[in-house]
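The sequence and its predicted three-dimensional model are supplied below.
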Amino acid sequence: MTASPQEAEPLIAIRDLSVSFATGAGPADVLRNVSLDLGRGRVVGLVGESGSGKSTLASAIPRLLPRNLSRLEGSIRYGGRDLLALPDRELAALRGTRFAMIFQDPMAALNPVFRIGTQLVDLQRAKRPKDRRRALLARAAAMLARVGIPDAERRLSDYPHQFSGGMRQRIMIAAALLAEPDLLIADEPTTALDPTIEGQIVALIEELRQDYRGTILLIAHSLGLVSQLCDDVAVLYAGTLVESGPAAAVLGDPRHPYTRALLACEIGPGVARRATLASIPGEVPDATRLPQGCVFAPRCPQAAEPCRAAVPPLRTLGSGRSVACALV
Amino acid sequence: MAGALPVLLRHAGQRLASTLLVLAGAVALLFVLTLFISGNPAQVLLGPRATPEAVQAFAQAMGLDRPVHERFALFVWNVLHGDLGTDVVSGRPVAALVVEVLPYTVTLTLSAIAIAVLFGVPLGCYAATHPGSVLDRAAAAVSIGFIAIPNFVVAILLLLVFSIWLDWFPVLGVSRSGDIGDQLARLALPAVSLALGWIGYIARLLRASLLEVLGEPHIRTLRAYGVPDRTIVYKYALKPAATPTVAILGLGVGRLLGGAIFAEIVFARPGIGTLVYDAISSRNYPVVQACVLVVVALFTLTNLAVDLSYAWLDPRIRRAGDR
């Protein structure tokens, strides 16, 4: 072990990222002043409830944001450049070569009317513009075999509907790995799958860490998945980054009341059968009408006067940890 | 891919069977229609000044004095053998007349479809990728205009402007010489007059289905991997979006054949249209009957082709045929 990854320059440095979308109810502030480092070779887990802005944060890096985007501020530094300031053409050149994505719903992420082989060839095209189709098909077959698809070469001529959900997610993982990206963004890769299949995919991702040493940004619903797969974790609540740091430290000793509440809600193997499932009282605020001060204050059991007065800034706690809470 | 081909063949077989059924129905209907020609068909065909003897002799010659079921059997038998009857004016076999003019109508219809697709598809793709742009709005307005104006009005206007005022194209008829350039020049205006409405129709339809497909997650996958927009739109979005357009185009062939009749009349081109028009004017029923039968056949065969193309456009249909 040389210098700790936190001290080395991160692969991606997000600073004060704010994203808003135009909606019928006015601008929705989906991300507010989010700052986060994605260390080289780290698996970074991004957790939060639905609507916390996890997917938006992940999509903002390759700038794959919806058309109703109304505000995009801050910076995302990668390789000495600010991705948010990059011309469209230069940014597009990074997609599929430096960044690759795996999506939540493997049933919908592949085109239903083209053969898997054809799609894998075109998904590799950006990375290898000069290779022959035959060579790309051979690479695709080898990678499909690597991610556990039997009879891979023959199955290149099959269509997506001829694969199960788990198999399709394996195909998406193969597509991502074929791009040999610096950053692999996995947007809830197991959420749409059956629990048994989810376990298989998690095991596959763990196993693939032996070959793939790039950075992974893993968006996850469950903290269990994060503790199993991730080196670092970032907790989002209503578009605000409330806590981040090494996964073991944050999950073992959460500092933000929201992180603590999330942990309490997890159904672990240690939960007694008849125990009441914990939940966080109240609900996530509407992104078009965020409260004054700390965004979690209305639901926070410890909320005090300073919490409602001003938005607590993200403060570093040392050893790579940060938290945004006025009481810590 | 084991099993895929037999499934496709079975699908094709089923479609072919239903096509034949439709054609058989059309033949039966056509025969029934002849029963409803008011009065004595022989009298009608020969005209008011024919002598009773001539009418009698004609009725016998045409088998009109036999019972209905015998006449029907004979009719079906003849149709199956390619005998569509005899032209009561010229005395020539109707089948020969039809075969002679059919290529003109088919060429005209296919040219019109080709023009409509060649212009309609790129226009629809552009409109879908640039919704709200000037060209998109202009195309919408112009399309609706051309869809609303009847074919024959467009045909007459084109004839006036391009043949008579500007003198860019020959006015009428077809070239019987082997000169391809002359043939194309005479084909251009009638084909365009038929295609104009369809360009806008295809563009509008394709725009709508493309906009839907472009919002689907598999398109986002391609974007996330840096696949060029051109490949995304013209390959990965166009194929799933094409189904509704192909379906409408299949049905549209019927309307297009109807339009071809007007275009042939306006431009004085030989074809099924002019043939049937002249036949109706001269009460030449065997010819009318044969023309209707040929148009029905063309229409059902086109729809057979459209049905079969679905299996190519959407592989999931092949599996549906499996169950």
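The structure has been received and is ready for your questions. Residues are numbered from 1 along each chain as shown, chains lettered A, B, ... in the order given.

In terms of helix, strand or coil, where does residue B:141 fall?
Per DSSP: H, G, I helix; E, B strand; the rest coil, the local secondary structure of residue B:141 is helix.

Now do it against chain A, distance only.
24 Å (CB to the nearest CB, to the nearest Å). The C-beta positions use only the backbone N, C-alpha and C, and glycine is treated the same way.

Give the helix, strand or coil label for the closest residue to chain A within the stretch 51-200 of chain B.
Closest approach between the stretch 51-200 of chain B and chain A, counting by CB to the nearest CB: residue B:131, at 9.8 Å. For residue B:131, the assignment made with three-state DSSP gives coil.

If we ignore the residues flanking it in sequence, what's nearest it?
residue B:211 (6.7 Å; CB to CB, 6 or more residues apart in numbering or on different chains).

Which strands or helices does the helix or strand hosting that neighbour pack on?
Here residue B:211, judged by DSSP states H and E, is contained in helix B:180-214. Applying 3 or more CB pairs under 8 Å, 6 or more residues apart in numbering or on different chains; DSSP states H and E, we find helix B:180-214 packed against helix B:94-129, helix B:134-148, helix B:151-158, helix B:238-266.

and those, which one's lowest on average pLDDT?
Here the lowest mean pLDDT among these goes to helix B:151-158, at a mean of 77.

what residues does it touch?
B:146, B:189-190, B:192-194, B:196-197, B:259, B:262-263, B:265-267 (CB atoms under 8 Å, 6 or more residues apart in numbering or on different chains).

Around chain A, pick out the residues from chain B.
B:1, B:216-218, B:220-227, B:231, B:235-236, B:239-240, B:313-316, B:319 (CB under 8 Å from any CB of the partner chain).

Show me which of those residues are buried.
For the residues of chain B next to chain A, a burial check counting by 16 or more other CB atoms under 10 Å in any protein chain shown picks out B:216, B:218, B:220-227, B:235-236, B:239-240, B:313-315.

Point out where the stretch 151-300 of chain B drops to low pLDDT.
B:164, B:167, B:169-182 (pLDDT under 70).

Go again with 90.
Scanning the stretch 151-300 of chain B for pLDDT under 90 picks out B:151-201, B:242-300.

now residue A:98, nearest residue through space, not along the chain?
Per CB to CB, 6+ apart, closest to residue A:98 is residue A:182, 4.8 Å.

My read is that that neighbour contacts residue A:99, right?
Yes. The pair residue A:182 / residue A:99 is scored as a contact, 7.1 Å apart, by CB atoms under 8 Å.

Those two - which one has more neighbours?
Per other CB atoms under 10 Å in any protein chain shown, whichever of residue A:182 and residue A:99 has more neighbours is residue A:99, with 28 against 19.

what's that one sitting at in phi/psi?
phi -120, psi 140 (degrees, to the nearest 10).

Verify the stated contact: it with residue A:186.
No. In terms of CB under 8 Å, residue A:99 does not count as a neighbour of residue A:186; the distance is 11.8 Å.

which bits of the stretch 101-250 of chain A sit near chain B?
A:101, A:103, A:105, A:108-114, A:122-123, A:125-126, A:157-159, A:161-162, A:172, A:175, A:179.

how does it look with 6 Å?
Listed as neighbours of chain B in the stretch 101-250 of chain A under the rule CB under 6 Å from any CB of the partner chain: A:101, A:108-111, A:113, A:122-123, A:126, A:157, A:159, A:161.

quick one: which two of those residues are the most distant?
Spatial extent of those (CB to CB) is set by the pair A:126 and A:161 at 26.0 Å.

on that earlier part again, for the contacts of helix B:151-158, which entry has the maximal number of neighbours?
Neighbour max across the contacts of helix B:151-158 (other CB under 10 Å) = residue B:190, 32 neighbours.

is it true that that one touches residue B:266?
No. Counting by CB atoms under 6 Å, residue B:190 does not reach residue B:266; the two are 7.6 Å apart.

out of the residues of the stretch 101-250 of chain A next to chain B, which are buried?
Buried among these (16+ other CB under 10 Å): A:101, A:108-111, A:113, A:122-123, A:126, A:159.

Just the ones of those residues in strands?
If you go by DSSP state E, these have residue A:101 in strands.

Just the ones of the buried ones among the residues of the stretch 101-250 of chain A next to chain B in helices?
Those of those mapping onto helices are A:122-123, per DSSP state H.

Tell me the one among the buried ones among the residues of the stretch 101-250 of chain A next to chain B nearest to residue B:202.
residue A:113 (19.3 Å).

surely that closest one meets residue B:239?
Yes. Between residue A:113 and residue B:239 there is a contact at 5.1 Å, judged by CB under 6 Å.

Mind giving me the packing neighbours of the one helix or strand residue B:74 maps to?
For residue B:74, the host element (DSSP H and E) is helix B:68-80. Helix B:68-80 sits against helix B:4-35, with contacts defined as 3 or more CB pairs under 6 Å, 6 or more residues apart in numbering or on different chains; DSSP states H and E.

The closest residue to residue A:29 other than its chain neighbours: what's it in contact with?
Distance criterion CB to CB, 6+ apart; nearest residue to residue A:29, sequence neighbours excluded, is residue A:20 at 5.0 Å. Residue A:20 sits next to A:27, A:29, A:70-71 when contact means CB atoms under 6 Å, 6 or more residues apart in numbering or on different chains.

What residue spans form the domains of chain A?
A:12-98+A:181-323, A:105-180 (automatic domain parsing).
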